[in-house]
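S.K.: Kindly return the folded structure for what I paste below:
(one chain, ligands or ions: 2)
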Amino acid sequence: MSRVALITGAARGLGECIARALHGAGYRVALADVQLDAVQQLADQLDPSGQSAVALQLDVRDKAAFEAARDLLVARWGGTDVLVNNAGKSKVAALMEISPEEFDEIVAINLRGTFVACQVFGAHFAERGFGRIINIGSLAGQNGGTATGAHYAAAKGGVATLTKVFARELASRGVTVNSISPGPLDLPVVYETVAPERIAQIKQMVPVGTLGSADYIADSVLLLAADHAASVTGACWDINGGLFMR
Ligand SMILES: NC(=O)c1ccc[n+]([C@@H]2O[C@H](COP(=O)([O-])OP(=O)(O)OC[C@H]3O[C@@H](n4cnc5c(N)ncnc54)[C@H](O)[C@@H]3O)[C@@H](O)[C@H]2O)c1
Ligand SMILES: CC(C)C1=CC=C(C(=O)O)[C@@H](O)[C@H]1O
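M.R.: Ligands and ions are numbered 1, 2, ... in the order given. Okay, the predicted model is just below:
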């Protein structure tokens, strides 16, 4: 029977791309997002019968929503094998003007969301003796960000740290936890949140000269999700066009 993957933020952008890649590779996919109509549309497109794709309304800030998703997938498909923590929100903001409320909102979506998901599904995977968690971080979490806010950058730095903490905790239980850290990708959100002149500057700054490919990130998720990826854990795969080198 094919493996089951839950992808958060699957309504569009990178999450949609990852969901399509996993489904194309034979996974049964649960598409989670706050935008139910959009994930329902994608699930219907992938498999109108509903046998290999299901849409879930889920806010990543809500731990109970992950518990409900876990239980629903146990009932529907016997359990979950792969979790992709992709949902996130970037916001360009001047450092000294970020309000505490705005800080909390961005940190909750990007960091708390990953934390509660790793808790719920990390325990589920450990019980089953197999699991793959892939956290989508960001270059901003490594270099402080070039076209985003400090709240987003700090939260993504936290995602990198949580990845290692959960990887260590779950390593002996057949569960791997890794992150992928993309630089700016050729995706709608970049054009929506970053000023055109800034995008032109960023393109000039990228050593390879182009924005990153979401399809390549999705292929990397497939590699980390594979059964034989057992030896990769606590890793962060940098995919940033050479903008940041360790
Ligand atoms: N696009 C880039 O250049 C880039 C670069 C580095 C990292 N990333 C990361 O990749 C991931 C996806 O980014 P994207 O470009 O596809 O962004 P996007 O804004 O296009 O898509 C994000 C998705 O997450 C969903 N979402 C937002 N808040 C949510 C919540 N509270 N609960 C559930 N779903 C929620 C949105 O509805 C949307 O479908 C994010 O984690 C982002 O930080 C993106
Ligand atoms: C999400 C996307 C718009 C984005 C914005 C800013 C970045 C940065 O490094 O400043 C990127 O890494 C990326 O997360």
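
S.K.: Where is the longest helix in the chain?
M.R.: helix 150-170 (DSSP state H).

S.K.: packing partners for it?
M.R.: Applying 3 or more Cβ pairs under 8 Å, 6 or more residues apart in numbering; DSSP states H and E, we find helix 150-170 packed against helix 100-107, helix 113-128, strand 131-136, helix 140-143, strand 175-182. Using the backbone N, CA and C atoms, a C-beta is placed for each residue, glycine as well.

S.K.: mind giving me a markdown table with the ones you listed and columns for mean neighbour count?
M.R.: As requested, the helices and strands packed on helix 150-170 are arranged in a markdown table below (neighbours: other Cβ atoms under 10 Å):
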| stretch | mean neighbour count |
| --- | --- |
| helix 100-107 | 15 |
| helix 113-128 | 21 |
| strand 131-136 | 26 |
| helix 140-143 | 21 |
| strand 175-182 | 26 |
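
S.K.: what residues are up against the residue nearest the centre of the chain?
M.R.: Most central in the chain under Cα atoms, centre = their mean is Asn86, positioned 1.7 Å from the mean C-alpha point. Residues counted as contacts of Asn86 (Cβ atoms under 8 Å, 6 or more residues apart in numbering) are Ile7, Thr8, Gly9, Ala10, Leu14, Gly15, Ile18, Ile136.

S.K.: Can you list which of those are found in strands?
M.R.: Counting by DSSP state E, the contacts of Asn86 place Ile7, Thr8, Ile136 in strands.

S.K.: quick check, nearest of those residues to ligand 1?
M.R.: Nearest to ligand 1, judged by Cβ to the nearest ligand atom, of the ones in strands among the contacts of Asn86 is Ile136 at 4.3 Å.

S.K.: Which pLDDT value goes with the nearest residue to the closest one once chain neighbours are set aside?
M.R.: Excluding its sequence neighbours, the residue lying closest to Ile136 (Cβ to Cβ, 6 or more residues apart in numbering) is Asn86, at 4.5 Å. In this model, Asn86 is scored at 98, pLDDT.

S.K.: Backbone dihedrals for Asn86, please?
M.R.: Note on Asn86: its backbone torsions stand at phi -110, psi -30 [degrees, to the nearest 10].

S.K.: picking that back up, just the closest of the ones in strands among the contacts of Asn86 to Asp81, please.
M.R.: Comparing the ones in strands among the contacts of Asn86 against Asp81 with Cβ to Cβ places Ile7 closest, at 12.4 Å.

S.K.: And that closest one, what's its pLDDT?
M.R.: Per-residue pLDDT puts Ile7 at 99.

S.K.: and the protein, which residues reach ligand 1?
M.R.: Applying Cβ under 6 Å from any ligand atom, we find that the chain lies next to ligand 1 at 8-9, 11-15, 33-35, 58-61, 86-90, 109, 136, 138, 182, 184-185, 187-190.

S.K.: let's see 5 Å
M.R.: 9, 11-14, 33-35, 59-60, 86-88, 109, 136, 138, 182, 184-185, 187, 189-190 (Cβ under 5 Å from any ligand atom).

S.K.: Give me the buried subset of those residues.
M.R.: 9, 11-14, 33-34, 59-60, 86-88, 109, 136, 138, 182, 184-185, 187, 190 (16 or more other Cβ atoms under 10 Å).

S.K.: Among those residues, which lie within helices?
M.R.: Among those, the members found in helices (DSSP H) are Gly13, Leu14, Val190.

S.K.: Please give me every residue in contact with the residue lying closest to Cys118 once chain neighbours are set aside.
M.R.: Excluding the flanking residues, the one nearest Cys118 by Cβ to Cβ, 6+ apart is Phe166, at 4.7 Å. Counting by Cβ under 8 Å, 6+ apart, Phe166 touches Cys118, Gly122, Ile133, Val177.
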